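> here is a sequence together with a model predicted from it:
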Amino acid sequence: MGNVMITDKNGKMVTVDRTWEFYKGSDGKLRIILHHSSLPYNPAP
């Protein structure tokens, strides 16, 4: 869980909140079992 800074095609930096959860299966492979991305909460003034 954390923030990722992404640059759009116009060079503007955008912060995105991200959550990932991984699970290692009995076959040894790592799998994503949860993913969520959203813009941070920004209340209207």
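Yep, it's here.
> any chance you could map the strands in the protein?
In the chain, the strands defined using DSSP state E lie at 2-7, 13-24, 30-38.
> who does the second one pair up with?
The sheet places strand 13-24 alongside strand 2-7 (antiparallel), strand 30-38 (antiparallel), with pairing taken from DSSP bridges.
> list the contacts of the longest one.
Spelled out, that is strand 30-38. Val16, Asp17, Arg18, Thr19, Trp20, Glu21, Phe22, Tyr23, Lys24, Gly25 (CB atoms under 8 Å, 6 or more residues apart in numbering). To be clear about C-beta, it is placed using only N, CA and C from the backbone, and glycine gets the same treatment.
> can you give me the buried ones in that strand?
For strand 30-38, burial by neighbour count (16 or more other CB atoms under 10 Å) applies to no residue.
> same deal with the first one?
Buried residues in strand 2-7, counting neighbours by 16+ other CB under 10 Å, are absent.
> the residue most central in space within the chain and Ile32: what is the separation?
Nearest to the geometric centre of the chain sits Arg18, at 2.3 Å (CA atoms, centre = their mean). Arg18 sits 12 Å away from Ile32, going by CB to CB, to the nearest Å.
> what does Gly25 give?
Applying CB to CB, the value for Gly25 to Ile32 is 12 Å.
> and stretch 8-18, how far out from the chain's middle?
12 Å (CA atoms, centre = their mean, to the nearest Å).
> residues contacting that stretch, please?
1-7, 35-40.
> residue ranges in this structure under the pLDDT threshold?
In the prediction, the chain carries no residues with pLDDT under 70.
> Ile32 bridge partners, please.
When assigned by DSSP bridges, Ile32 has beta-bridge partners Phe22.
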